[in-house]
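A.B. asks: Just to be clear, the model below is a prediction. Sequence and coordinates:
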Amino acid sequence: MQATQLPEKKPIALVTGASRGIGAGIASRLAREGYHVILNYGSNEEKARELQTRIRAEGGAADLCQFNVADSAQVNEKFEWIAKTFGRLSVLVNNAGITIDGLLIRMKDEDLEKVLSVDLKGAIYCTRAAANQMMRERKGSIIQISSVIGEMGNAGQSAYSAAKAGLIGFSKSVAKELASRQVRVNVVTPGFIVTDMTGVLTEAQKEDILRTVPLGFLGEPEDIASLVSFLASPASRYITGQVIGVNGGMYM
Ligand code: NAI
């Protein structure tokens, strides 16, 4: 955790799990659009630093902040550090996530706990800490990266889908709580996006998925970043409590 760059008068956007995949795509995009992005990572400092260097080389502002989203004490401490060091958050993107797949009857308690802790509780802890700052500013945009699996379910992903569906209900409630302070909360539900998370699938599995995507191709992090960028901006000022799919038509 280092503040190596003087804070600029740019709105602050925190992206969790930003070191790779969709999070890295979102962070790069927000940096290009003039945000000072805070890149959260859990353990991969090297990758996070590479992204920071790339963003800075393109003229953007980026700093690193290590914490485990599933640890509420760490989350509270680091959010306070961010506010003191750079200013209060304007945008939070809860992107950090994990999958531990398997059929329900073989599900281990510790795997269920891990998935719920990162994918659901982690997003809740970060949303709570950000809401505190944004309510005082009377503005802010919180964007949850859920999943199409939270909407339509998937055999072998019941824990993941419980966490991602839980995030949708949570976000609608919080959108109602925070609306009077002009803090918006929206949910993005990606379909199949090519990243390390989906890299573990076999070619045959990918072909099966492709057959369920009406647009006929797999998505990329930039497809998610485009929507996040819109939801972060004042162009979406009248949108809150919504669940928006970016899935090639896989689920309508
Ligand atoms: P990824 O595995 O490439 O990236 C996830 C990031 O979260 C990693 O940087 C990882 O280090 C970080 N992370 C994991 N646990 C953490 C923790 N406890 N604290 C802080 N950071 C942590 O995955 P990908 O594909 O980029 O996914 C990003 C988000 O999009 C996830 O929430 C995922 O569930 C969601 N998603 C992805 C889809 C896909 O097809 N790739 C589809 C639907 C949703």
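C.D. replies: On my side now, so go ahead.
A.B. asks: could you say what helices and strands the longest strand along the chain packs with?
C.D. replies: Ranked by residue count under DSSP state E, the longest strand found in the chain is strand 183-190. Strand 183-190 sits against helix 122-137, strand 140-145, helix 148-152, helix 158-178, helix 221-232, strand 243-246, with contacts defined as 3 or more CB pairs under 8 Å, 6 or more residues apart in numbering; DSSP states H and E. For the C-beta atoms, the positions are set from N, CA and C on the backbone; glycine is no exception.
A.B. asks: OK, contacts around the residue lying closest to Leu120 once chain neighbours are set aside?
C.D. replies: Leaving aside its sequence neighbours, Leu120 sits nearest to Ala163 (CB to CB, 6 or more residues apart in numbering; 4.1 Å). The neighbours of Ala163, taking CB atoms under 8 Å, 6 or more residues apart in numbering as the test, are 115-116, 118-120, 150.
A.B. asks: And the residues you listed, which is closest to Ile239?
C.D. replies: Of all the contacts of Ala163, Ile239 sits closest to Gly150, with 19.2 Å by CB to CB.
A.B. asks: Just confirm that closest one contacts Ala159, I think it does.
C.D. replies: No - with contact defined as CB atoms under 8 Å, Gly150 and Ala159 do not form a contacting pair (11.3 Å).
A.B. asks: contacting residues for Ile55?
C.D. replies: Counting by CB under 8 Å, 6+ apart, Ile55 touches 27-28, 31, 37, 61-62.
A.B. asks: Start and end of stretch 167-187, how far apart?
C.D. replies: Start and end residues of stretch 167-187 are separated by 8 Å (CA to CA, to the nearest Å).
A.B. asks: Can you list the buried residues in it?
C.D. replies: Residues 167-168, 170-172, 174-175, 178, 183-187 are the ones in stretch 167-187 that count as buried (16 or more other CB atoms under 10 Å).
A.B. asks: On the C-terminal side of the helix or strand of the chain with the lowest mean pLDDT, identify the next helix or strand.
C.D. replies: Least confident helix or strand, the chain: helix 196-199 with a mean of 84, by mean pLDDT, DSSP states H and E. Per DSSP states H and E, the first helix or strand lying C-terminal to helix 196-199 is helix 203-210.
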